[in-house]
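# following is a predicted model, sequence given first.
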Amino acid sequence: MKSLIVLWETLAKEFARECCTSATMDIKTVHSRVENEGISFLTISLPSFGKDFQKSLDQGIVSRKSFQGFSWRSGLPQFLGGFLDSVFDRNSGVLLTQPSVEAIIAVRQLTLLFSKILLPCTPARERDAMRGYVECDREVRENDKLMGPDDLSAFHRISRLLFREVFTKLDSDIYHGRLIPKHGPGATANKLIGNEKFSCKTWTDRLQEVFFAEDFLLPNARYAQEDGVTFLEPGAEIPVRVISVPKTQKTPRIIAIEPSYVQYAQQAILEPLVPLLEQKLGSFLGFTDQLPNQEMARKGSEDGLTATLDLSEASDRVSNQLVRLLVSDHPNLLAGLEATRSRKADVPGHGVLRLSKYASMGSALCFPFEAMVFLTLILLGIERELNTRFTSISDINQYRGRVRVYGDDLIVPIDNVESVIRTLELFGARVGLDKSFWIGRFRESCGREYYNGYDVSIVKFRRLFPKSPSDGPECISLVSFRNQLYEHGRWDTCKTLDDRIRRVLKHYPVVLDSSPALGRKSFLGYKPERMCNLLHRPLVKGYVVRSIIPKNPLSDDGALLKYFLKRGSQPFADRRHLERSGRPRAVDIKPRWVTPY
């Protein structure tokens, strides 16, 4: 923990020099509170301060209800007061006419630095998160009963305008058997990894009604007679396995791991769906590129014409009833979505529960369908605010550049924001007001933050400091963090980090981004250490990341099936893919002579 405090102190001093203030009392406060409260002050209390600061920027005034747990002097908290005085008026708490952008970055960096550090939550917080997952699904079920026929009819009408062409194409592909399945690299509820998934001969009766096992699980019809497929009735299906993964120390992220055969069929629908959506509605929806959302957030912070909204528990609050309504005019697609949806979840401490949500995070189809539902609701909210009715796609196209959805990051016109929020919450979504901005000049979307057109994004510390090269993930994370800080101009802190890294890594060269070596960035370019005798090119000695892929050999019909499922005419990138496959179980680093570019 001492290393984290030293890092914070070094950053605070550097920002204080840049902002012409002092951080001496702030440093004393951090030392004292960490001693009394432990690491939670850095990972929970400080991020809470940072969120209140962002909301105060948006509101244009500091509320006395904000910054709980911190002492005040006049109209502002004492902590980080030197920086806050350059942003807000000390007596009234009102935002200055021209607040210091450097001070805004300083407060955000110093308070949110450890907000996403990968540390486990306490068992009590884990239990609360699981309880919240169950409670969320109960609320989805209850909200389904509250939506009136007029609301559902309006939702269906707008969804037809938006997605009719996309759904018609997918419906035809399913009917004619043109979809090709694909295994993902992740974990599965039946605990198959890598190549083991291609030998799976388990299918469900629900899947068989839409996607024939003979087409999806076997290389050709001859194997149908030799290798039997086990079909599971609805009551015997494996439920999704709900687990928690690190997100923040305040609460973990809850995801659901699907059975391999369900994920396999989901990928068949996903692969054509995303390109179709981006081709037809790329101005409104994004799945592969966050830059449009980020640029719209920057522009919104400058002209104040658009708002950025963030949804809490976004995927868990999308009702299956809404998704069914979304595709209700396309029976084959509806059948495909129902067949590839897991109906039950195994929740630790709560047993197996029947789900009302469409899908939890972990389903391959969760992300695109939540985005389609949210886009439909945004336009419905705009329609209701204007007291009009969209009758064609041209009516909707006038909102290009003002409406966009990337997952649960929404951008909407400022004039319609309140109606959009009411509509979203009417249909079961929950808008996170502490991370939604539309009053002032602060905006956030897809990991980038802006104030009045200026990029005020920060760098976050993800893992604890490594003790030796054997701490591979920690070494990789620390070097990446250092290089990101360098790009943000925190050069004094980078010097301190360089000294710390050299104590762990014997070889720490100056390299470019494209180099395979773990090294430090420099705007002056790389520094070669010797020339290669064979190829006469510069070399440096540095640590190279090595991932250990698990052994799971594949042969016979499983290997043949994997070949038939391959996309494109190029050979497999890894020649040993039939011996080892799947996500690496371990990552380490080894010193090597490599190019610095």
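Cool, the structure landed. Computed from a predicted structure; not experimentally measured.
# just the buried residues of the longest helix belonging to the chain, please?
When the chain is parsed with DSSP state H, its longest helix is helix 149-175. Buried residues in helix 149-175, counted by 16 or more other CB atoms under 10 Å: 152, 154-155, 158-159, 161-163, 166-167, 169-171, 173-174. From N, CA and C alone the C-beta is placed, and that goes for glycine too.
# all strands of the stretch 451-597 of the chain, in order?
Using DSSP state E, counting those that start in this stretch, the strands of the stretch 451-597 of the chain run over 454-455, 517-518, 530-531, 538-548, 586-594.
# just these: most buried one?
Of all the strands of the stretch 451-597 of the chain, strand 517-518 carries the top mean neighbour count, a mean of 26, counting by mean count of other CB atoms under 10 Å.
# if we can go back for a sec, closest one of the buried residues of helix 149-175 to G282?
Distance to G282 across the buried residues of helix 149-175 (CB to CB) is lowest for V166, with 11.6 Å.
# which residues touch that closest one?
V166 is in contact with 273, 276-277, 280-281, counting by CB atoms under 8 Å, 6 or more residues apart in numbering.
# repeat that for 6 Å
276-277, 280 (CB atoms under 6 Å, 6 or more residues apart in numbering).
# tell me the secondary structure of the closest residue to V431 other than its chain neighbours, please.
Closest residue to V431 apart from its sequence neighbours, by CB to CB, 6 or more residues apart in numbering: I421 at 5.1 Å. The local conformation at I421, judged by DSSP: H, G, I helix; E, B strand; the rest coil, is helix.
# I421: neighbour count?
22 (other CB atoms under 10 Å).
# what of N320?
20.
# quick one: it from L326, how far?
Per CB to CB, to the nearest Å, N320 is found 10 Å from L326.
# picking that back up, so what's the residue nearest to V431 scoring on pLDDT?
At I421, the model reports a pLDDT of 97.
# surely it is in contact with R430?
No: the criterion here is CB atoms under 6 Å, and I421 misses it with R430 at 10.0 Å.
# could you dump the strands of the stretch 451-597 of the chain into TSV and include distance to R178 and mean pLDDT?
Output for the strands of the stretch 451-597 of the chain, formatted as TSV (distance: least, CB to CB, whole Å; pLDDT from 0 to 100):
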stretch	distance to R178	mean pLDDT
strand 454-455	44	97
strand 517-518	45	96
strand 530-531	54	95
strand 538-548	35	94
strand 586-594	38	94
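# and these: which comes nearest N91?
Across these, closest to N91 is strand 454-455 (CB to CB), at 25.9 Å.
# can you pull out the residues in contact with that closest one?
V101.
# just the strands in the stretch 51-200 of the chain please.
72-73, 76-77.
# reformat the ones you listed as CSV; add mean pLDDT, distance to L311 and mean neighbour count.
Formatted as CSV, the strands of the stretch 51-200 of the chain follow (pLDDT from 0 to 100; distance: least, CB to CB, whole Å; neighbours: other CB atoms under 10 Å):
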stretch, mean pLDDT, distance to L311, mean neighbour count
strand 72-73, 94, 32, 12
strand 76-77, 96, 29, 21
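# include distance to Y399 when you put those into CSV, please.
CSV is the format used below for the strands of the stretch 51-200 of the chain (distance: least, CB to CB, whole Å):
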stretch, distance to Y399
strand 72-73, 43
strand 76-77, 39
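# of the ones you listed, which is nearest L410?
strand 76-77 (30.5 Å).
# hmm, back to that, averaged pLDDT, the longest helix of the chain. What do you get?
Rounded mean pLDDT across helix 149-175 is 97.
# quick one: it to chain centroid distance?
Offset of helix 149-175 from its chain centre (CA atoms, centre = their mean, to the nearest Å): 27 Å.
# what do you get for stretch 111-122?
Worked out by CA atoms, centre = their mean, stretch 111-122 lies 16 Å from the chain centre.
# straight-line length of that stretch, end to end?
22 Å (CA to CA, to the nearest Å).
# distance check, the residue of the chain most remote from its centre against V245.
Taking CA atoms, centre = their mean, the residue of the chain most remote from its mean C-alpha position is N533, at 45.0 Å. The gap separating N533 from V245 is 47 Å, by CB to CB.
# likewise for Y406?
In this view, Y406 and V245 are 21 Å apart by CB to CB.
# more neighbours: those two, which one.
Y406 (23 against 11).
# partners of the more buried one in the sheet?
D409 (DSSP bridges).
# my read is that it contacts N293, right?
Yes: under the contact definition of CB under 6 Å, Y406 touches N293, with a separation of 4.7 Å.
# give me the common contacts of those two.
Common neighbours of Y406 and N293 (CB under 6 Å, 6+ apart) are C446.
# wait, F67 touches D52, no?
Yes: between F67 and D52 there is a contact under CB under 6 Å: 5.1 Å.
# one step back: adding neighbour count, distance to P348 and secondary structure, write the contacts of V166 out as a markdown table.
Formatted as a markdown table, these follow (neighbours: other CB atoms under 10 Å; distance: CB to CB, whole Å; DSSP: H, G, I helix; E, B strand; the rest coil):
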| residue | neighbour count | distance to P348 | secondary structure |
| --- | --- | --- | --- |
| L276 | 17 | 37 | helix |
| L277 | 21 | 34 | helix |
| K280 | 17 | 41 | helix |
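# so where's the stretch 201-350 of the chain uncertain?
221, 223-227 (pLDDT under 70).
# if we use 50, what do you get?
For the stretch 201-350 of the chain, no stretch has pLDDT under 50.
# tell me where it has strands.
Going by DSSP E, counting those that start in this stretch, the stretch 201-350 of the chain shows strands at 202-204, 230-232, 240-245, 253-257, 306-310, 344-347.
# partner strands of the second one, parallel or antiparallel?
Strand partners for strand 230-232, identified by DSSP bridges, are recorded as strand 202-204 (parallel).
# domains of the protein?
Using automatic domain parsing, the domain ranges for the chain come out as 2-115, 123-451, 472-594.
# in a markdown table, list those along with distance to V459.
Shown next, in a markdown table, are the domains of the chain (distance: least, CB to CB, whole Å):
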| stretch | distance to V459 |
| --- | --- |
| domain 2-115 | 7 |
| domain 123-451 | 11 |
| domain 472-594 | 4 |
